[in-house]
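> Build the 3D model from these lines:
(chains A, B, C, D and E)
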Amino acid sequence: MAIQDDIKSAIAEVLPGLSCVIGWGAGPEPLRAAPLFMRDAADVEKFTAGFLAVNNPALFLPALKGAKVGLVVKGCDARSVGQLVAENLVKREEVHLIGYPCRGIIDMDKTAAALEGRCEPGEVKGLREEDGDIVLDTPGGEVRLAKTDVAADKCARCRYPNAESADVFVGEKIAPVVERDDYADLAAFENMELDARKAFWEMEMSRCIRCYACRNSCPLCVCRDHCVAASREPHWLTQADGVRDKLFFQLIHATHLAGRCTGCGECERACPVGIPLLTLKRAFSRQVEGLFGYTAGLDQGMPPLLTFKLEEPAIKEREW
Amino acid sequence: MSVLKEKELRVIGFLCNWCSYGGADTAGVGRFAQPTDLRIVRVPCSGRINPLFVLKALLGGADGVLVSGCHPRDCHYAEGNFYARRRLEVLKGFLPVLGIDPRRFEYTWVSASEGQRWQHVVTTFTANIHALGPASFSPEARELQILNAAAR
Amino acid sequence: MRIGVFICHCGSNIAGTVDCASVASVASTYPDVAYATDIMYACAEPGQDAIIAAIKEHRLTGVVVASCTPRMHEPTFRKTVERAGLNRYMFEMANIREHVSWIGKDMEANTNKASELVRMAVSKLRLNRELKPKSFPVTKRLLVVGGGVAGIQAALDAADAGLEVLMVEKQPTIGGKMAKLDKTFPTVDCSSCILGPRMVDVAQHPNITLYAYSEVESISGYVGNFDVKIRKKAAYVDWSKCTGCGLCTEKCPSKKSYDRFNEGVGPTTAIIIPFPQAIPKKASIEREYCRQFNTGKCGVCAKVCPTGAINYEMQDEFIDAKVGGIVAATGYDLMDWTVYQEYGGGRYPDVVTSLQYERMLSASGPTGGHIKRPSDGEEPKDVVFIQCVGSRDVSIGRPYCSGFCCMYTAKQAILTKDHIPDSHSYVFYMDIRSPGKGYDEFTRRVQEEYQARYIRGRVSMVYPKGKKLIVRGADTLMGTQVEVEADLVVLAVGAEAAKGAPHLAEKLRISYDSYGFFMEGHPKLRPVETNTAGVFLAGACQGLKDIPSSVAQGSAAAAKALALLSRDMLDSDPQIAAVNVNRCVGCRKCIEVCPFKAIQEIDLRGQPKAEVIETVCQGCGLCNATCPQGAIQLSHFTDNQLLAEVEALCRF
Amino acid sequence: MQPCGRLGRNLRGSRTAEGVPCHRRPGSAPVFANPQGLSPVRGEANAPAFVRKCKKQCAFKLRNVTKRGECMETVLLNGRDDAFIRAVEESSGQVVARCYQCGNCTAGCPMSFAYDYSVSQVMRLIQAGQKDAVLSSKAVWLCAACNTCSQRCPNEINVAGVMDACRQMARREKKFAVRAMRAFVDAFLDSVKFNGRSHEVGIMALYMLYTGRVWTDVELAPKVLPKGKMPLLPHRIKGRSEVAAIIDRYKQGLSDPERVRARLAKDAGAESGKGKEAVS
Amino acid sequence: MSKATFGYFPGCSGLGTSLEYERSTRAVCRELGLTLWDIPDWNCCGSTPAHTVDPVLSSALSARVFAQGETAGIRDVVTPCPSCLSNLRNALEHMEDELFAARVEALTERPLEAGHSVKSVLQVIVEDIGLDKVKERVRRPLVGLRAVPYYGCLMTRPEKIMRFDDPENPQSLDLLLQALGAEVLPFPLKVDCCGGSLGIPVRESVPRLSGRILELAGELGADVIVVACPLCQMNLDLRQGQIRAKGLDYTVPVPYFTQLMAYAFGLGDEEAAFKLLAEDISPAFSCMQRRAGEIKAEEARVAALAAQKAAAKAGRTGSGQSQAKSAGAAGGEA
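Numbering: from 1, shown residues only, chains lettered A, B, ... in the order given. A predicted model of the protein is given here:
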């Protein structure tokens, strides 16, 4: 990809001034990329971007506080950085953002489903991107899959493909996929009856193995080392393997992110058993956007639940 | 310890100490009759109520949760109820996604002198909860059913 | 942990609909409960002694009392528990009277509810920790807001006791509404004769600093350490130079300005000294009417002023002061009676308010004590007084009785007879409210000796006919419609809280009702205190009352303030937030939400952490609800304690 | 009231403490009820049996003292007619207990001069449940329905509505205290019933017929007839039968609340019954 | 129905005792561009007698009027007579209650759709048309006419149902008369009751009530009392002779406001129909002309005085340039 080389040169250009630049490199298998910490020119060579660049590099920023760090960011990653800066968990001057126009990233569950019967995603030997499609080199021959079929859900409703707040932007900005996020997925989910939804979450949460991958992959979970999930002071959760506690942990995570979650989808992507965790977070985002017109990550100031107004036009209070 | 069978449902109230708890007292002093379902937890301010308390109660078997604080601009701590108003309104909009009927949770503002209004709030809310009937969130039992079903 | 549970009968108040014995027996089965019993009157002396005895006998470490509202007796029982040697925070209450026995008759349901409330209290108590109050220094200075008779009394009492007092008065002079009165009931002695000396005392008292023509701009801090910012409004006259000679008031060309002190009875000049006995006796300029400000050309007062005190470029000044206690004595204002279109709505000049009539009666008033009809200046022969104009009237949102109109109308009727011997006074009333000492005899005297004609009925309409005003009323005792051809109609206009009182209440962070009256701590037991520690009330701002009650409340408020500020150190309330530095990641969310700025960021071994300033924290718990990892906990209302109460109620 | 200086008993006969004036004026005549000795009136009060059979049959009246010759019978308060109060309250939609007798309605009422009871006295009689006094009073008939009382009532009571309710109740119980008023209303409605519109000449004719006051407003005729402002022939409308039907149905009582409520319940019952099958 | 067209309910008195009100109302509405569709075969609203018998009966009669309106597609009705307005409006308000509507339907046996409204002619002129449009059409301003507005007790009361102007101190008629150029005297008894329909059955009511109104108007020196209600007009104008017999010593003509508007708009005598009034209005108009003349003379005198003063000032300064200016100004003024 031509753009990859441009990014590499951009990285090389700024690398000397930074302690490191975080991007994506080859992962454990051809279909999986992994975060790449580039500290010298050799590392920059290993840089790959594009359809497999699923990880959100903003995850590592809070830990690297104090050092000047560079990030190669997709649109959604830039929003995560923007939110960290808005809550001054990260100092903007300590971060150098290199943006590029993102055309969507892979969703492994969808790819596995698409490869049904033919082979396991792990067995795929290579991948080529040809404009709208991806060509997989599998033991049973080449498989051509349309990007839109296997791309992540969040990319189908992407409003900010270009990292608006990037210091350096490589390539031309592309038009957003949609103008407005109408939360159609939530609307579809809400067609179910209340009891059916309750049963749905009971079923999903009974599959949770409580590995906390969702928390550990969330860029805004800056207090993951002292998480209330595992504390007795306060003692919100027991360590019992019951559905109630596992669901309650997701509610804790969702309420902590209310008005802050940028919808990067890392929690859902990281969940080993594929529970649709983003639905809970997007329910809060829809509510916050509706009430306060605040979209996380676009540095619109302090998140709404950490401030207030004397008159709240949007909140219609119940008349008894 | 549980509610009186067929007579009561589990209704939990979080009341701010300065206004609503005082309003409930005024209602008591005024002998304004109210249904007995409501159990009141006293908190210093409606701002003290973390939405997780409401979720904990609803998931823990409460059929209805009522939060009441001072009227906006009347809060003893000046800003507590403004934050509460935002957080509880966001929570109320979130409940349906979980499959919990939003009418099972209400928040309102009652001042210490409004005994009559408190009686009306409690009576109306308890009647609404009785109309909705007991909540059915008992994941423990459901989970065992699923495991048994899977085992068979 | 060994917990003692005491179920109070409260005579029959609780025992009437709650089976206390069975609640006690159920309570004994709760975890950690070592002793459970029911007693007749827990709050009474024998009750408290029984608790102390039980603590010693059963080596109890925590006490739960199930009785009335903690808002009333929590302090009582905490002292009891402390007397028994326990920490006063190892105590919890269950409200089984106002929230249970008094609101329902169903014995079974009430008993079950009472036992559940006790269970909640026990489960919270098991997580209580001993809390020690810290103490902080107290500023021995009192702020009195409002210079009416109540404020003056409070200030003088406090100052006489050696306390330093700041008095802030919005008008250019103190004296409030009483200064506008000619005579006072029931003794009909001259108002300025009894108030004047007290006002002079205030001016000359070494401990009192008077800021007239000033307002409270903002108040921050907490009991014992309030930081008050006072705005000294620009009077465009340098009061240090002004001798109060009044030369400028004579020469001022703008003769048509509204006379606020005399309720607009007569026009006055732009630069005024409100009334001869004004304290401070200084001139002040009404910017609205002053030609110098409107047209830029005049300057007459500057030219004539012997001491050159006039300064048109004067700006508002701000004074910052630290005070320990605040007494709010902002008084009342007459309500806007022009909503009564049927009485002319202000269109007929000869329909005046009682205060305007008082200014006409007053010798220092614009008419020099002669009662003159505003329309043609003649002396009225038939004067009609209409009671309850804007009081006891649901249709305009003023259902309450203002309390003192019956009395001052009787007094005005006497004065009318004195001023105009051949006059006839008619008083349209519904009920004469004269409850004080010598009050009813006073209203009898006005009818018997001064031949005031009292007619029991409201007035439906007043309309001008020729030079006369036709007053169309009713006499329900005679059962007929009546009409009076009057020369002058005086309306006993109902009162409401002073304008701007709700705004001040928000600054003082005290609550107020829908009419703007400040909310007292308890209507019967704590009438001069508020729910905010250190803020006291005096006079009509708490509720309409006459001069004797206002003066009494002035002294009461001063007494309360003296009690508060008599100690050098005050105990801080230990129910405040505390940070667990191990869990805090320095995300600053708590600092963002704290209304009192009571949390600051510190650097602990290179790590940013939050820290609570104990004296400023009020214990609202907002930070606790905001902190994602629960690093900051509000003592006595920690997450775990509240969770324990919720868990006690869970069904599954 | 000079104390008579006697150590002794005050009015109620209990011993008075030193110096407290006992209020009996020496030598004053004992005060008995009914000084003029007028014939007592019928009423449920505690009058002896022979009184109740008195033929004068003038109903209890809280009379104005100014009107000579009437006297006031003691009112037995537990003889209060609660059904009457409820009927007035339901028909007018007002709560009469809200009235604290301030007299504002009497003060404002333009027709007070013609009343036997003032408006506030009528309200008081309703509060005391004195049905006979209210329904046989002239006041409810003379009310001009100008709403001044309701507009200025400090307790927001629709006093005009209460007066309407009492007049309607009086009409239903055939108590016509002011015959001319009833006659005029009937004349007006008959003219409307006959033509569909009111016709002045017709109304005057019927009014004169019903009351025998043939000279009413005769002197006005020359002022209006020549100007064509008093058409002799009525303007009869096509739908006059329908208007007549409306008035007749009213007279047959088709619009009585109980009857209509029953019909509504029946329809609702039928509907839900029908509705139930559809749903299940 | 566009905003400028309304269904028109003339009211029974329009055919008889208030013929002049009817004629002048139609003329004025035509002049103001207001098209009035008569409600076909309209019936009497029952006026005061019906609603003193039973509000359900008066609502039933009113319901038939609206039902007839529906057949011609009329939803918004306007009526000159406040008594009809009160009955029609009360019918609409009370029929919002289901039981009441059912009782009315039991009488009319004609269901009624929602969405009806009824206003008075005065309200439409003042609120919908607006006074500035009225001012534009005035050709013969009533300068010098001392008028006293009289609203009567039904038009603005009860406040919650009529919802028009202030129930105690209405201003719309005052402003309208000022727009016509008349001098409006403040009249305290503008909402006092004139006796209404008690004129016939209770003979002494009208002389007393209307007498008080006429006496105060006379005392204030009013040329005319301007009314907007046929009932009030009959009691004040038609019965003024009877009242004078009882001791009233003033004669005050009582025209309708629409008649004065017709005159002010320059329409013919036929439309203004002054001759149909019982009390002759010509003396009032002659007073008006006389006073108008006086006012004009006064204005001329003041203008002359001002011009003189300006000329004198210009003379004193003596500078040529200002002279030209002030001369020009003086010229303009003279």
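> so who does the closest residue to chain D within the stretch 501-650 of chain C touch?
Relative to chain D, the nearest point of the stretch 501-650 of chain C is residue C:515 (16.5 Å; CB to the nearest CB). Every residue, glycine included, has its C-beta placed from N, CA and C. Residues near residue C:515 by CB atoms under 8 Å, 6 or more residues apart in numbering or on different chains: C:398, C:400, C:496-497.
> ok but it is inside a helix, no?
No. Assignment of residue C:515 by DSSP: H, G, I helix; E, B strand; the rest coil gives coil, placing it outside any helix.
> What separation do you get for it and residue E:170?
Distance, residue C:515 to residue E:170, by CB to CB, to the nearest Å: 30 Å.
> And residue A:208, what's its pLDDT?
If you check residue A:208, the pLDDT there is 91.
> Show the contacting residues for it.
A:246, A:250, A:273, A:275.
> just checking, the second one touches residue A:277?
Yes. Using CB atoms under 8 Å as the test, residue A:250 is close enough to residue A:277 to be in contact (6.2 Å).
> Now the common contact residues for those two.
With CB under 8 Å, 6+ apart as the test, residue A:250 and residue A:277 both reach residue A:214.
> quick one on the thing from earlier: filter the contacts of residue A:208 down to the buried ones.
A:246, A:250, A:275 (16 or more other CB atoms under 10 Å in any protein chain shown).
> Beyond the helix or strand where the first one lies, next helix or strand please.
Secondary structure assignment for residue A:246, by DSSP states H and E: helix A:243-257. Elements were assigned by DSSP H and E; along the chain past helix A:243-257, the next helix or strand is helix A:266-270.
> packing partners for that following helix?
The contact analysis (3 or more CB pairs under 8 Å, 6 or more residues apart in numbering or on different chains; DSSP states H and E) places helix A:266-270 against helix A:213-216, helix A:278-292.
> And it, how far out from the chain middle?
7 Å (CA atoms, centre = their mean, to the nearest Å).
> Which residues does it contact?
Against helix A:266-270 from outside (CB under 8 Å, 6+ apart): A:54-56, A:59, A:107-108, A:152, A:213-219, A:253, A:274-278, A:281.
> List buried residues within those residues.
A:54-56, A:59, A:107-108, A:152, A:213-215, A:217-219, A:253, A:275-278, A:281.
> list the contacts for residue E:66?
Residue E:66 makes contact with E:77, E:88, E:91-92, E:112, E:116 under the criterion CB under 8 Å, 6+ apart.
> ok, now how distant is it from chain C?
32 Å (CB to the nearest CB, to the nearest Å).
> helix/strand/coil for residue C:217?
Applying three-state DSSP: residue C:217 is strand.
> Please look at it and residue C:229 and confirm they touch.
Yes. Look at residue C:217 against residue C:229 with CB under 8 Å: they come within range, at 4.3 Å.
> Just give the number of residues close to residue D:184.
26 (other CB atoms under 10 Å in any protein chain shown).
> What does it show for phi and psi?
phi -60, psi -40 (degrees, to the nearest 10).
> and the residue in chain C positioned nearest to chain A, how far is that from chain B?
Going by CB to the nearest CB, chain A is nearest to residue C:639 of chain C, at 3.5 Å. According to CB to the nearest CB, residue C:639 and chain B sit 7 Å apart.
> Quickly note the distance from the nearest residue to that residue once chain neighbours are set aside to residue C:631.
Distances taken as CB to CB, 6 or more residues apart in numbering or on different chains place residue A:234 nearest to residue C:639, at 3.5 Å, with adjacent residues excluded. In this view, residue A:234 and residue C:631 are 10 Å apart by CB to CB.
> And the two? Which one has more around it.
Taking other CB under 10 Å, residue A:234 and residue C:631 do not tie; residue C:631 has more neighbours (28 against 22).
> what's the pLDDT at the more buried one?
94.
> Could you count how many residues lie near the nearest residue to residue C:246 once chain neighbours are set aside?
Nearest residue to residue C:246, sequence neighbours excluded (CB to CB, 6+ apart): residue C:273, at 5.6 Å. Neighbourhood size, residue C:273 [other CB under 10 Å]: 22.
> ok, residue C:273 touching residue C:282?
Yes. Using CB under 8 Å, residue C:273 is in contact with residue C:282, at 7.1 Å.
> Now the common contact residues for these two.
Applying CB under 8 Å, 6+ apart, one finds that residue C:273 and residue C:282 are jointly contacted by residue C:244.
> still on that earlier bit, max pairwise distance over the contacts of residue A:208: which two?
A:250 and A:273 (12.6 Å; CB to CB).
> Spell out which parts of the stretch 101-250 of chain A neighbour chain C.
A:222-223, A:225-228, A:231, A:233-236 (CB under 8 Å from any CB of the partner chain).
> In three-state terms, label the closest residue to residue A:230 other than its chain neighbours for me.
Counting by CB to CB, 6+ apart, residue A:239 is the residue found nearest to residue A:230 once chain neighbours are left out, at 7.5 Å. Recorded secondary structure, residue A:239: coil (three-state DSSP).
> Could you check how many residues crowd around residue A:239?
Neighbours around residue A:239, by other CB under 10 Å: 10.
> what's around residue C:361, how many residues?
For residue C:361, using other CB under 10 Å, the count is 21.
> Correct me if wrong: it contacts residue C:371.
Yes. With contact defined as CB under 8 Å, residue C:361 reaches residue C:371; the gap is 6.6 Å.
> joint contacts of those two?
Joint contacts of residue C:361 and residue C:371 (CB under 8 Å, 6+ apart) are C:416, C:419.
> on that earlier part again, is there a quick ChimeraX command that grabs whichever of the contacts of residue C:515 are buried?
Buried members of those, defined by 16+ other CB under 10 Å, are picked up in ChimeraX with:
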select /C:398,496,497
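> Which one of the contacts of residue C:515 is nearest to residue C:124?
Closest to residue C:124, out of all of the contacts of residue C:515 and judged by CB to CB, is residue C:497, at 39.5 Å.
> so who does residue E:216 touch?
So residue E:216 contacts C:465, E:187-189 (CB under 8 Å, 6+ apart).
> repeat for residue D:258
Contacts of residue D:258 by CB under 8 Å, 6+ apart: none found.
> swap in residue A:30?
Taking CB under 8 Å, 6+ apart as the criterion, residue A:30 is in contact with A:124-127.
> same thing with residue C:351?
C:343-344, C:462, C:469, C:489, C:491.
> Just send those back as TSV, with pLDDT too.
Shown next, in TSV, are these (pLDDT from 0 to 100):
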residue	pLDDT
C:343	94
C:344	90
C:462	95
C:469	94
C:489	96
C:491	96
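> so can I have TSV of these showing secondary structure?
TSV is the format used below for the contacts of residue C:351 (three-state DSSP):
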residue	secondary structure
C:343	helix
C:344	coil
C:462	strand
C:469	strand
C:489	strand
C:491	strand
